[in-house]
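Student: give me the fold of what follows.
(chains A and B)
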Protein chains: 2
Amino acid sequence: MVGPLEELINALKRLPGVGEKTATRYAFYVMNANEEEIQELVRTIGEVKQKLRLCSRCFHLTDVDPCEICSNTKRDASRMCVIETPMDLIAIEKAGHFKGVYHVLHGVLSPLDAIGPSDIRLSELLDRVRNEDTQEVILALNPTVEGESTAAYIGDRLKGHNVVVSRIAYGIPVGGSLEYSDPLTLSRALENRKKI
Amino acid sequence: MVGPLEELINALKRLPGVGEKTATRYAFYVMNANEEEIQELVRTIGEVKQKLRLCSRCFHLTDVDPCEICSNTKRDASRMCVIETPMDLIAIEKAGHFKGVYHVLHGVLSPLDAIGPSDIRLSELLDRVRNEDTQEVILALNPTVEGESTAAYIGDRLKGHNVVVSRIAYGIPVGGSLEYSDPLTLSRALENRKKI
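Tutor: As a prediction, this is how the structure comes out:
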């Protein structure tokens, strides 16, 4: 009907989880936004792909290499948190508790999807543990079958290295209720009970 | 932390209903999308503001003037549907039932927000009814206090003109249930009952 508007709606529908209605709302925001906001949006979309690359050390997205976390001398480089994606890293950074460094695997082992050890940043992780002064590797992988087996695989490969390998705790989320927790989470929470 | 990524997330957070998490998901989509998709997105965002203007007749968004609906001789120009926004027009067009023409008010009367008759396309509506061969004005305004009073105001102003003024029906939505309908909708549905 309205050419350019329909085109924009179709382009916006490619965003994850965005259907016709949401895309239409976004398109009307764009339509009514002032020129500066639009310029800002277009500029940042263009720049994110051009400027960002992977940190050569931890493989997080960055515009400087090594990234700001790796080059920050205030961070404890002896503790390394291993995550699946840059999004996981951002989530942990937002929580603000962890002061060590990271290693982004960019995936997990998944034989069904033909993703083996050479398809993720696993050898780079082992190299870092070998060459850097790493004392603890904290595995913060998702509690999925693939995450679990990747954690087990990494634990295995790091045996014999002089390094503590740990896993983040799985249990009832803070503010969650027992009643609505799934059986697996409940089992894990019971299994990992702590003395008080 | 990551400059360009954070900038993009902040720009995306201005979209309606988008918070930190959704903006982050969209930013990672942009990050991982191929070059063509990004070009398409940037182009359509830029074009929608440049190319679209308001139809000088019905005030819908259009890239040709008069718009495709107004210039379509197959549409029944004697029946005019009055809506608040171009989004309402698109919703009605998607339903596919209405074959007349439209008039977009671009708002409703709202004394509390200092929006009076001269702030919306109301005089243009009255001009059209006077000068065009309009036989029915169908008010399809939202069932809000402002929508109702705007409908009443328009009805008032069109008295004495040789034109039928009607309102779309309010009631239980198709597929909806009586049990979960709000009292106002139920009252309306009862009030507007039809003989079968």
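Student: just give me how far the lengthiest helix in chain A sits from the chain centre.
Tutor: Across chain A, the longest stretch assigned as helix under DSSP state H is helix A:35-51. Between the centre of helix A:35-51 and the centre of its chain there are 23 Å (CA atoms, centre = their mean, to the nearest Å).
Student: for that helix, packing partners?
Tutor: Here helix A:35-51 touches helix B:3-12, helix B:20-32, helix B:35-51, going by 3 or more CB pairs under 8 Å, 6 or more residues apart in numbering or on different chains; DSSP states H and E. (Each C-beta comes from the backbone N, C-alpha and C, glycine too.)
Student: tell me which residues of the shortest one come out buried.
Tutor: Burial within helix B:3-12, assessed by neighbour count using 16 or more other CB atoms under 10 Å in any protein chain shown, is assigned to B:P4, B:L5, B:E7, B:L8, B:I9, B:A11, B:L12.
Student: that one vs chain A: in contact?
Tutor: Yes. Residues of helix B:3-12 are located near chain A by CB under 8 Å from any CB of the partner chain, namely B:G3, B:P4, B:L5, B:E7, B:L8, B:N10, B:A11, B:L12.
Student: how does chain A divide into domains?
Tutor: What automatic domain parsing lists as the domains of chain A is A:3-51, A:74-167.
Student: relative to A:V64, which of those domains is closest?
Tutor: A:V64 lies closest, by CB to CB, to one member of these: domain A:3-51, at 9.7 Å.
Student: against which helices or strands is the helix or strand A:A151 falls within packed?
Tutor: For A:A151, the host element (DSSP states H and E) is helix A:145-157. Judged by 3+ CB pairs under 8 Å, 6+ apart, the packing partners of helix A:145-157 are helix A:122-131, strand A:136-139, strand A:164-167.
Student: deepest in the core, which of the ones you listed is it.
Tutor: Of all the helices and strands packed on helix A:145-157, strand A:136-139 carries the top mean neighbour count, a mean of 19, counting by mean count of other CB atoms under 10 Å in any protein chain shown.
Student: give the pairing partners of that strand; include direction for each.
Tutor: strand A:76-83 (parallel), strand A:164-167 (parallel) (DSSP bridges).
Student: mind checking how far the last one is from the chain centre?
Tutor: By that I understand strand A:164-167. Worked out by CA atoms, centre = their mean, strand A:164-167 lies 18 Å from the chain centre.
Student: right, and the helix or strand after that strand?
Tutor: helix A:183-191.
Student: the helix or strand bottoming out on mean pLDDT in chain A: which residues count as buried?
Tutor: When each helix and strand of chain A is scored by mean pLDDT, DSSP states H and E, helix A:183-191 comes last, with a mean of 81. Neighbour counts over helix A:183-191 (16+ other CB under 10 Å) mark A:T185, A:R188, A:A189 as buried.
Student: looking at the residues you listed, spot the one nearest chain B.
Tutor: Of all the buried residues of helix A:183-191, chain B sits closest to A:T185, with 20.9 Å by CB to the nearest CB.
Student: pretty sure the closest one is in contact with A:L178, am I right?
Tutor: No. Between A:T185 and A:L178 there is no contact, the gap being 9.6 Å when judged by CB atoms under 8 Å.
Student: quick one on the thing from earlier: out of the helices and strands packed on helix A:35-51, nearest to B:V129?
Tutor: Ranking these by distance to B:V129, with CB to CB as the measure, places helix B:35-51 first at 29.9 Å.
Student: on that earlier part again, just put the buried residues of helix B:3-12 in JSON lines and tack on pLDDT.
Tutor: Compiled in JSON lines, the buried residues of helix B:3-12 are given as follows (pLDDT from 0 to 100):
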{"residue": "B:P4", "pLDDT": "86"}
{"residue": "B:L5", "pLDDT": "87"}
{"residue": "B:E7", "pLDDT": "90"}
{"residue": "B:L8", "pLDDT": "92"}
{"residue": "B:I9", "pLDDT": "92"}
{"residue": "B:A11", "pLDDT": "93"}
{"residue": "B:L12", "pLDDT": "94"}
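Student: want to throw the buried residues of helix A:183-191 into JSON lines with distance to B:T150?
Tutor: Compiled in JSON lines, the buried residues of helix A:183-191 are given as follows (distance: CB to CB, whole Å):
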{"residue": "A:T185", "distance to B:T150": "52"}
{"residue": "A:R188", "distance to B:T150": "57"}
{"residue": "A:A189", "distance to B:T150": "56"}
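Student: which members of those additionally contact chain B?
Tutor: Filtering the buried residues of helix A:183-191 for proximity to chain B by CB under 8 Å from any CB leaves nothing.
Student: which stretches of chain A have low pLDDT?
Tutor: Applying pLDDT under 70 to chain A flags the ranges A:1-2.
Student: okay, the helices and strands packed on helix A:35-51, which one's buried deepest?
Tutor: Among these, helix B:3-12 has the highest mean neighbour count (mean count of other CB under 10 Å), at a mean of 21.
Student: how distant is that one from the center of its chain?
Tutor: 31 Å.
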